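Chemist: Structure of the sequence below:
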Amino acid sequence: MPRLVLEARRIASSVQHGLHGRRRVGTGENFWQYRRFTDGEPANRVDWRRSARDDHLYVREREWEAAHTVWIWPNLSESMDYSSAKLAPKRERALIIAFALAELLVKGGERVGMPDLMRPSASRRIVERMAEAVLHAPATPALPPNFNPSPLSEIVLLGDFFSPTRQVCERISSLAGTGAHGQVVQIVDPSEEAFPFSGRIEFRSPSDGPTLTVGRAETWRNDYQVRLAAHRAAMRAAAEHMGWGFAVHRTDRPASELLLALHARMGSGDIALPTAPAEEGATA
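Modeler: Numbers count the residues shown, from 1 in each chain. The predicted structure is shown next:
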């Protein structure tokens, strides 16, 4: 855990330069931007000085300054322990992103909490508090808990989401139904997309479940990738239907890449990530 905390702080520090906070329109004293006046608005909202320089009417908007809560849920279940080659387990990547994102958010004046593990806090020691909560966490399920955040909150879900498709989509819809905005990030190992296995292979459940022995595993590759694509498309559709963002992050990609995309896109829709180099047989 100390190594993950240090890595999270290093990544947060590396991407902090150039960030300007998560600016949004709202009540406050600082100017944010001008926008076109729309019919039906009160005339006293027009900025006449700015409008005098153009043929249109403009409204002066201020930056939203009130702190709100961001709930971050990293999947800590057994399936997140998986890794291939020399890559780190998915659990480590989820925790590094969770810690680094919390560090950036708190520095920006937000509060961060972890569902069922830690109440929202704006402490400067937010990363240490999250690490302690994770260390003392009981056995956690593979899906985020149902809870009731305020409609002004944001939720970030970090996991592999390899539970049954219907369960995943229902949980996303349930959390989004509270009115909170959110982002769903599926963290996967490259081998979970490419299915590079061949010959006789024994697949084991990560939680003492049944095993499956397959002869000529390479013949399963196409069917596996078709089902993975369908599962992912259903999750994306469930998230976008509720106005949430969805992204896939592979553990062979830099953690800073996801951190930048999350910080930039939270509260404004989907997450735009650079496309990973295509592997033979990998899904898009």
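Chemist: which SSE is Cys169 in?
Modeler: Using DSSP states H and E, Cys169 sits within helix 165-176.
Chemist: How about Leu212?
Modeler: Here Leu212 is covered by strand 211-214, with elements defined by DSSP H and E.
Chemist: just to revisit the earlier point, so which elements touch the helix or strand that the helix holding Cys169 is followed by?
Modeler: Using DSSP H and E, the helix or strand that follows helix 165-176 in sequence is strand 181-188. Where contact means 3 or more CB pairs under 8 Å, 6 or more residues apart in numbering; DSSP states H and E, strand 181-188 is packed against helix 90-107, strand 154-159, helix 165-176, helix 221-241, strand 245-250, helix 255-265. Just so you know, the C-beta spots here come from the backbone N, C-alpha and C atoms, and that holds for glycine as well.
Chemist: Residues in contact with strand 181-188: which ones?
Modeler: 75, 80, 90, 93-94, 97, 153-161, 172, 175-176, 232, 235, 239, 242-251, 258, 262, 265-267, 271 (CB atoms under 8 Å, 6 or more residues apart in numbering).
Chemist: what do you get for stretch 227-241?
Modeler: Contacts to stretch 227-241, defined as CB under 8 Å, 6+ apart, come from residues 161-162, 165, 168-169, 172-173, 176, 182, 184, 186, 192-193, 245-246, 248, 270, 283-284.
Chemist: counting contacts, what elements does the one helix or strand Arg129 maps to pack onto?
Modeler: In this assignment (DSSP H and E), Arg129 forms part of helix 126-135. If you count contacts as 3+ CB pairs under 8 Å, 6+ apart, helix 126-135 packs onto helix 2-16, helix 90-107, strand 111-114, strand 118-121.
Chemist: what angle separates that helix from helix 90-107?
Modeler: 140 degrees (axes from the mean of the first three to the mean of the last three CA atoms, to 10 degrees).
Chemist: and helix 126-135, how far from the chain's centre?
Modeler: In this view, helix 126-135 has its centroid 18 Å away from the chain centroid, taken as CA atoms, centre = their mean, to the nearest Å.
Chemist: State the mean pLDDT of that helix.
Modeler: Helix 126-135 shows a mean pLDDT of 95.
Chemist: which parts of the helix holding Cys169 are buried?
Modeler: Judged by neighbour count (16 or more other CB atoms under 10 Å), helix 165-176 contains these buried residues: 165, 168-169, 171-172, 175-176.
Chemist: cool, stretch 138-150 as well?
Modeler: 140, 142-144, 147, 149.
Chemist: so how far is the first residue of that stretch from its last?
Modeler: From its first residue to its last, stretch 138-150 covers 25 Å (CA to CA, to the nearest Å).
Chemist: Name the surrounding residues that touch it.
Modeler: Outside stretch 138-150, the residues that touch it by CB under 8 Å, 6+ apart are 68-69, 71, 73, 75-77, 79, 115-116, 155, 157, 159-163, 167-168, 171, 174-175, 178-180.
Chemist: Now do the end-to-end distance for stretch 104-119.
Modeler: 18 Å.
Chemist: Can you give the contact residues for that stretch?
Modeler: Residues outside stretch 104-119 that contact it (CB under 8 Å, 6+ apart) are 12, 15-16, 19, 21-22, 65, 67-74, 98, 102, 120-124, 126, 129-130, 133-134, 137, 144-145, 147, 259, 263.
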